[in-house]
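Enquirer: sequence plus the predicted model coming up.
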Amino acid sequence: MGLKKKNPLTPGQRFQIADDFEDVTKSEPEKSLLVKLQKKSGRDWRGRISARHRGGGAKRKYRLIDFKRDKEMAAKVVGIEYDPNRNARIALLEYADGERRYIIAPIGLTDGDQVETGPDVDIRPGNALPLNSIPIGTVIHNIEMMPGAGAKLARSAGSGVMLMAKDRGYAIIKLPSGEQRMVHLSCRATIGQVGNLDAKNVVLGKAGRKRHLGWRPHVRGVVMNPCDHPHGGGEGKSPIGRKHPVTPWGKPTRGKKTRHPKCASNDLIISRRK
């Protein structure tokens with residue numbers, strides 16, 4: 001992947017840094033792997049807003065991604081595609097029996113490559129193995145937290161996890177955040193680092209492109225009235241007026257720990273993220 005900076009023919013292009021999509025080799029998605037994506041606009045199952053400043057956005061369909069990698073059969077990479085639902089690229093695989101599936105595309109995976117799943121396959125980008133069969137020091141992604149439940153860790157663009165050690169039935173991995181945790185050795189992971197490394201360097205350049213992604217405007221609490229936000233009010237530009245910042249409903253935020261102290265996976269975390 002690369003980036004391109006356009007000549008500022010319009011105000012929106014003045015600071016825009018866009019993706020050149022050079023790593024995308026297939027433009028049309030696989031229709032059999034598309035499903036309707038219903039817009040939720042930040043609402044939960046009750047219809048109440050649980051995530052603010054969401055809504056609108058361009059129409060898109062969801063690509064069904066194979067996060068389990070449970071088919072132990074050789075597959076050929078048909079193409080690398082853009083996915084509007086994530087910042088990583090996806091690779092379309094075609095198995096020997098004709099079935100097609102999408103996976104997250106790691107660095108170095110191109111058209112015509114062959115990927116496999118199983119405990120005895122080669123240590124090559126795109127191949128999926130149990131952690132028990134992966135050598136220590138290997139960079140991996142798409143890691144399961146429970147055997148057979150599907151990958152939950154290291155799925156975004158540029159993510160790569162280091163396999164540090166193996167001890168008493170568990171693998172010790174180091175996440176990009178710096179957190180070190182234990183994962184059962186029977187959990188599957190994919191070799192390599194997720195591609196599209198420059199996704200974090202893309203600059204949208206204008207508010208309209210943010211709206212296309214489904215993000216609505218965000219208004220700071222300090223510019224509101226006291227009746228609308230606890231940070232509001234005061235003469236001129238004033239601070240929040242509290243010892244700690246709070247949400248519009250008075251609950252502590254920005255640094256408040258939200259993880260439940262009795263979470264079952266707390267015992268598997270060796271060191272917290274930095």
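Expert: Sure thing, it's come through.

Enquirer: low-scoring stretches of the stretch 1-150 of the chain, by residue?
Expert: In the predicted model, the stretch 1-150 of the chain carries pLDDT under 70 at residues 1.

Enquirer: show me where it has helices.
Expert: Using DSSP state H, counting those that start in this stretch, the helices of the stretch 1-150 of the chain do not appear at all; there are none.

Enquirer: hey, where'd the strands end up in it?
Expert: Shown for the stretch 1-150 of the chain, the strands assigned by DSSP state E, counting those that start in this stretch span residues 3-5, 17-19, 34-36, 61-63, 75-81, 90-95, 100-104, 114-115, 128-130, 139-141, 143-144.

Enquirer: could I get the buried residue list for the second one?
Expert: The reference is to strand 17-19. By neighbour count, with 16 or more other Cβ atoms under 10 Å as the criterion, the buried positions of strand 17-19 are Asp19. Where you see a C-beta, it was placed from the backbone N, CA and C, and this is true even at glycine.

Enquirer: elements contacting it?
Expert: Helices and strands touching strand 17-19, as assessed by 3 or more Cβ pairs under 8 Å, 6 or more residues apart in numbering; DSSP states H and E, comprise strand 3-5.

Enquirer: contact partners of the strand it packs on?
Expert: Residues outside strand 3-5 that contact it (Cβ atoms under 8 Å, 6 or more residues apart in numbering): Gln16, Ile17, Ala18, Asp19, Asp20, Asp198, Asn201, Val202.

Enquirer: if you set the cut-off to 7 Å instead, what comes out?
Expert: Among residues not part of strand 3-5, those counted as contacts by Cβ atoms under 7 Å, 6 or more residues apart in numbering are Ile17, Ala18, Asp19, Asp20, Asp198, Asn201, Val202.

Enquirer: for it, which strands pair with it and how are they oriented?
Expert: For strand 3-5, the paired strands and their directions (DSSP bridges) are strand 17-19 (antiparallel).

Enquirer: who touches the partner strand?
Expert: Strand 17-19 is contacted from outside by Met1, Leu3, Lys4, Lys5, Lys6, Asn201, Val202, Val203, using Cβ under 7 Å, 6+ apart.

Enquirer: dump these to CSV, plus distance to Ala165 and neighbour count.
Expert: Listed next are the contacts of strand 17-19 as CSV, based on distance: Cβ to Cβ, whole Å; neighbours: other Cβ atoms under 10 Å:
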residue, distance to Ala165, neighbour count
Met1, 32, 19
Leu3, 37, 14
Lys4, 42, 11
Lys5, 43, 13
Lys6, 47, 13
Asn201, 33, 10
Val202, 36, 17
Val203, 39, 12
